[in-house]
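The following comprises the amino acid sequence and a computationally predicted model.
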Amino acid sequence: MLTILISQYLIGGTSIGKSFTIKQRLHAAVGEKFRVIAVNENFTSHMFLRSLREIIETGEKKIGLHIDISCYAPYEIINRLLTHLFFGGSVIDETTGEALAIPAGIELHIFFELGLAPSVEDAALEKFKLESAVLDHLPMVSFLAESSEVEKTISLRGASGDAVRTVAKLFCKLRQRAEPIEADLLGLAIEVLRLAKTPLAGVASKVNFFKLLAQRCNLLAKVEVQPGLFAALAFENEAPGEFETQTIGMAPLEADRLPLFHMFVDECAFLCQEQLSLADATENAAHVPLLSFELQGAFGFPDFSTFKFVSFGGSIDRYPKWVKDNTTIVKSDSTSVEELSKHLRKLLSELFNCRSHEIWRILHRHRFVLTGEVFLALLLLKSRMDLRMSLIWEGGTGTLCERPL
């Protein structure tokens, strides 16, 4: 007999934390082994059957399903599939007639994510901006699943908790406070969030903020005195395999780390905004002192020389020389278009770990001028990719309208 232990649905617009909440609850219910089934305009009953069969064949008795239904989905297909699944314990491929019976003893934990139509001028989608209209078209979901709300607070379990601990530990050290205890973590998280010039509303964006900031805190924590410290094989030593230490570059003072921490806070908050048009991004980037990205280090040692900084107009006078030396100023009036494009091509190749001439070849083929706005859009795209955050690009040809979601 098919047993459904949990069946909930979360509905709302983009970037309110639906996916984050569902993943947290599925992780608590069934662990890491759950399946996300995307129901979009290309969805077919065969895709649903195949996904369900793959997870059943793993032998798991507790099955977690995150069924993500977009406003573009073929609602009639998902309704029929759910009818067969819930009342008949089977799934039928409408194109081939193939059927899959759910084995006895299976426990299903199902969460539905229901998306509303985005704010675009599309008459066909206008009604799907309302929750009631979406639920009317998905009677099986509204009948069989309970409505639920998104999480409002940051969980201290798993990766998000580890990120908060990393940030809190360094924050207390830089402020010369005692080592934080578990009970202090949420309070410290709120204190750090209040430092950011860009407010973050949704819990998912806050979690991503701490994940991104924790990466930078790990670097700041490791590189306390000598960022250029590395081990080099001492060939002149008598005993083979011994190492000696050498220092290269400029060593940041301990006092350098606090302003850098504040800079990283502003940067990470800017990158983790829920919704942002490219016009807003370009304007707001001038208020963020620096944006950064890390190169893939050749030796894997913590070294600030692997960090590249980009300034879109913010003042960088208070930062140490080695930061300024690794900073590219992106201002159309600061250099010629050709020279700026050359700098940006090099940065772009480093950002995506490819060769500069490959970037040049793509730009030349399409007769495209690489501007600061385009580079900023790609930098935002890369940060979304690293965080596995979704992204929607909107706008007409040549407008470079961007809407990270």
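Structure received.

tell me the SS of the nearest residue to Ile56 once chain neighbours are set aside?
Leaving aside its sequence neighbours, Ile56 sits nearest to Pro103 (CB to CB, 6 or more residues apart in numbering; 6.7 Å). All C-beta spots, glycine's among them, are computed from the backbone N, C-alpha and C. Counting by DSSP: H, G, I helix; E, B strand; the rest coil, the backbone at Pro103 sits in coil.

Same question for the one 5 residues further on.
When the structure is reduced to helix, strand and coil (three-state DSSP), Leu108 reads as strand.

And the strands in the stretch 51-200 of the chain?
For the stretch 51-200 of the chain, strands defined by DSSP state E, counting those that start in this stretch occupy the ranges 62-69, 90-92, 99-101, 107-115, 146-147.

May I see those arranged in TSV, with mean neighbour count, mean pLDDT and distance to Pro199 as well?
Below are the strands of the stretch 51-200 of the chain laid out as TSV (neighbours: other CB atoms under 10 Å; pLDDT from 0 to 100; distance: least, CB to CB, whole Å):
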stretch	mean neighbour count	mean pLDDT	distance to Pro199
strand 62-69	21	90	27
strand 90-92	19	90	44
strand 99-101	14	91	47
strand 107-115	22	89	24
strand 146-147	11	86	28
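
and those strands as CSV, adding distance to Phe20?
Output for the strands of the stretch 51-200 of the chain, formatted as CSV (distance: least, CB to CB, whole Å):
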stretch, distance to Phe20
strand 62-69, 11
strand 90-92, 28
strand 99-101, 30
strand 107-115, 10
strand 146-147, 17
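
Go through those strands and name the closest to Ala163.
strand 62-69 (22.0 Å; CB to CB).

so what secondary structure elements neighbour the closest one?
Judged by 3 or more CB pairs under 8 Å, 6 or more residues apart in numbering; DSSP states H and E, strand 62-69 is in contact with helix 18-30, strand 34-39, helix 45-56, helix 75-83, strand 107-115.

Out of the strands of the stretch 51-200 of the chain, flag the one nearest Ala286.
Short answer: strand 107-115, nearest of those by CB to CB, at 32.9 Å.

partner strands of the closest one, parallel or antiparallel?
Using DSSP bridges, the strands paired with strand 107-115 in its sheet are strand 3-12 (parallel), strand 62-69 (parallel).

For Val36, which of those is the nearest?
Val36 lies closest to strand 62-69 among the strands paired with strand 107-115, at 4.5 Å (CB to CB).

what's the closest of the strands paired with strand 107-115 to Leu271?
That would be strand 3-12 among the strands paired with strand 107-115, by CB to CB, at 22.8 Å.

hang on, Phe209 packs against Pro199?
No. Using CB atoms under 8 Å, Phe209 is not in contact with Pro199; the gap is 10.9 Å.

quick one: common contacting residues for the two?
By the contact definition CB atoms under 8 Å, 6 or more residues apart in numbering, Phe209 and Pro199 are jointly contacted by Ala269.

who's more crowded, those two?
Legend: neighbour count by other CB atoms under 10 Å for Phe209 and Pro199, higher for Phe209 (27 against 10).

Enumerate every residue touching the more buried one.
By CB under 8 Å, 6+ apart, the residues touching Phe209 are 193, 196, 200, 268-269, 272.

Could you tell me which of these count as buried?
Neighbour-count burial (16 or more other CB atoms under 10 Å) applied to the contacts of Phe209 gives 193, 196, 200, 268-269, 272.

Throw the residues you listed into CSV and include pLDDT, thanks.
Below are the buried ones among the contacts of Phe209 laid out as CSV (pLDDT from 0 to 100):
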residue, pLDDT
Leu193, 88
Ala196, 88
Leu200, 83
Cys268, 90
Ala269, 89
Cys272, 84
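
ok, so of the residues you listed, who is nearest Arg345?
Of the buried ones among the contacts of Phe209, the one sitting nearest to Arg345 (CB to CB) turns out to be Cys268, at 25.9 Å.

Pull up the gap between the closest one and Phe171, please.
Distance of Cys268 to Phe171, given as CB to CB, to the nearest Å: 13 Å.

average pLDDT for the helix ranked longest in the chain?
If you go by DSSP state H, the chain has its longest helix at helix 203-222. Across helix 203-222, the average pLDDT comes to 83.

Also stretch 45-55?
The pLDDT scores in stretch 45-55 average 91.

Contacts for it next, please.
Here stretch 45-55 makes contact (CB under 8 Å, 6+ apart) with 33, 35, 37, 63, 65, 77-78, 80-81, 91-96, 98, 100, 102.

quick one: least confident helix or strand in this structure?
strand 230-233 (a mean of 32; mean pLDDT, DSSP states H and E).

Sketch out the low-pLDDT regions of the stretch 251-400 of the chain for me.
251-255, 275-280, 282-283, 295-306, 331-337, 388-400 (pLDDT under 70).

Show me this protein divided up by domain.
As assigned by automatic domain parsing, the chain contains the domains 3-147, 158-332+371-404.

Which one of those lies nearest to Arg345?
Closest to Arg345 of these, according to CB to CB: domain 158-332+371-404, at 9.3 Å.

mind listing what's buried in the longest helix of the chain?
Buried residues in helix 203-222, counting neighbours by 16+ other CB under 10 Å, are found at 203-214, 216-217, 219-221.

cool, stretch 315-323 as well?
Within stretch 315-323, the residues scored as buried using 16+ other CB under 10 Å are 319-320, 322-323.
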